[in-house]
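1. build me a model:
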Amino acid sequence: MEISNTRVCVVGLGYIGLPTASLLGTKGFQVHGVDVDQAVVETINQGNIHIVEPDLDILVKSAVQSGRLTAAQEPAAADIFIIAVPTPFKEQRQPDVSYIEAATRSIAPFVQPGNIVILESTSPVGTTEDVVARILDESGHNIDEQVFVAHCPERVLPGRILTELVENDRIVGGVNELATEKATDFYHTFVRGEILATDSRTAEMAKLTENAFRDVNIAFANELSLICDQQGVNVWELITLANRHPRVNILQPGPGVGGHCIAVDPWFIVAGAPRVSRLIKTAREVNDAKPDWVTRKVRSSAEKFKHPVIGCLGLAFKADVNDLRQSPALDIVNQLQAEEVGQLLVAEPNLKGHGDFDLLPYQEVIARADIVVILVDHKPFRRIKPQDLHEKVVIDTRGILS
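-> Down below sits the predicted model:
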């Protein structure tokens, strides 16, 4: 594949689409990025970013200034189309593929024979065939021989996206063998990890399985934390000791599970096979219930004070990012505010501001609070010493103090 003459259209310039588009631009591809938000388009065309990710600002500026990356609200003709739009769920936690449908319909008029169309959005099994390929087929494209449709799920960790886009192994599954081959050739141009070829349905299920596995393991840890709380056992010490067994690797408990993947993807499996995915469903329920448990702990502690001041440390869904998607920490703070449990003081060092809360330095939050709730293990919070919390009620959901 001749990189310098290859045009790539990336639909969706969010946490996956923008890093992918900017990376491809710096590799020599001519990239046309698409986003429905005009503010996002303008920000990127100025060489700036609208999301926080280490080194992404440098990569975007380089790609834009080189003329290899431009953004617009509408697609354009290309050799390769990448769909990287959100896949949330609807009521009753049913998958919402409407963004994928809209993205596919938007590129259909620009697709030509010989083009590759890749769905990177995490998707329910069958989406590549039943949504993307079907819409293109209905638009008059020959998806058996002339337009090559494949799925390649993103497998990156926020905070390490740019590294893992290149270093991680990738799973590529086409709707037929020729599509798999064409898409695999493309990823070989910029991925140093191994490219693992399969079919689209298996590729879709593989991504869901990876996140469901982690969700089940976290649910085990979260359930242990509930049991240990009743039994008077330190769950952090317990897990450390149990993990000394050579064949045991328990993950860490927390206030719940958040993010755009682990908190969502297992429900796609449940929706597709509800009668047999009992363990996966139960794990999701355990993790979804953890924020309520934390809130009850805070409420119980607040009842001991006449005018309780509650300091909440962290809003993001994981450490050292500003991403609030599906964040259990944010759910807990919102619930405490709605129930008017006490005066809330909130610290989130990775955000400049939040519409619902006045964000304060964490040192001030600790100094003023009667109850300190550690919700995220951000690096600054890890510097907290036990003496800083003298005479405070501490609810440590991340084991920082252990």
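2. any regions of the stretch 301-402 of the chain where pLDDT drops low?
-> Within the stretch 301-402 of the chain, no stretch has pLDDT under 70.
3. can you show me the strands along it?
-> 309-313, 343-347, 371-374, 393-396 (DSSP state E, counting those that start in this stretch).
4. could those strands go into JSON lines alongside mean neighbour count and distance to Val270?
-> (Each C-beta comes from the backbone N, C-alpha and C, glycine too.) Formatted as JSON lines, those follow (neighbours: other C-beta atoms under 10 Å; distance: least, C-beta to C-beta, whole Å):
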{"stretch": "strand 309-313", "mean neighbour count": "25", "distance to Val270": "31"}
{"stretch": "strand 343-347", "mean neighbour count": "22", "distance to Val270": "33"}
{"stretch": "strand 371-374", "mean neighbour count": "25", "distance to Val270": "30"}
{"stretch": "strand 393-396", "mean neighbour count": "18", "distance to Val270": "31"}
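5. using TSV, lay out those together with distance to Glu2.
-> Output for those, formatted as TSV (distance: least, C-beta to C-beta, whole Å):
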stretch	distance to Glu2
strand 309-313	51
strand 343-347	51
strand 371-374	53
strand 393-396	55
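6. with respect to Ala108, which of the ones you listed lies nearest?
-> Set against Ala108 and scored by C-beta to C-beta, those come closest in strand 343-347, at 45.2 Å.
7. counting contacts, what elements does that closest one pack onto?
-> If contacts are counted by 3 or more C-beta pairs under 8 Å, 6 or more residues apart in numbering; DSSP states H and E, strand 343-347 sits against strand 309-313, helix 328-339, helix 362-368.
8. what's the mean pLDDT across stretch 141-148?
-> Across stretch 141-148, the average pLDDT comes to 97.
9. what about it, how long is it end to end?
-> Terminal residues of stretch 141-148 are spaced 10 Å apart (C-alpha to C-alpha, to the nearest Å).
10. what does that stretch rub up against?
-> With contact meaning C-beta atoms under 8 Å, 6 or more residues apart in numbering, stretch 141-148 is reached by 108, 111, 113-117, 133, 136-137, 149, 174-176, 178-179, 182-183.
11. can I get the CA coordinates of stretch 294-313 in PDB?
-> C-alpha atoms of stretch 294-313 as PDB (Å, rounded to 0.1, in the frame of the first residue of the first chain):
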ATOM      1  CA  VAL A 294     -20.700   3.600  48.700                       C
ATOM      2  CA  THR A 295     -23.500   6.200  49.000                       C
ATOM      3  CA  ARG A 296     -25.100   4.300  51.900                       C
ATOM      4  CA  LYS A 297     -21.700   4.100  53.700                       C
ATOM      5  CA  VAL A 298     -21.400   7.900  53.300                       C
ATOM      6  CA  ARG A 299     -25.000   8.500  54.400                       C
ATOM      7  CA  SER A 300     -24.400   6.300  57.500                       C
ATOM      8  CA  SER A 301     -21.300   8.300  58.400                       C
ATOM      9  CA  ALA A 302     -23.000  11.600  57.800                       C
ATOM     10  CA  GLU A 303     -25.700  10.800  60.300                       C
ATOM     11  CA  LYS A 304     -23.100  11.100  63.100                       C
ATOM     12  CA  PHE A 305     -22.700  14.900  62.400                       C
ATOM     13  CA  LYS A 306     -25.100  17.700  62.800                       C
ATOM     14  CA  HIS A 307     -23.900  19.600  59.700                       C
ATOM     15  CA  PRO A 308     -21.700  17.100  57.900                       C
ATOM     16  CA  VAL A 309     -19.100  18.400  55.400                       C
ATOM     17  CA  ILE A 310     -18.300  15.700  52.900                       C
ATOM     18  CA  GLY A 311     -15.100  15.800  50.800                       C
ATOM     19  CA  CYS A 312     -15.200  13.800  47.600                       C
ATOM     20  CA  LEU A 313     -11.900  13.100  45.900                       C
END
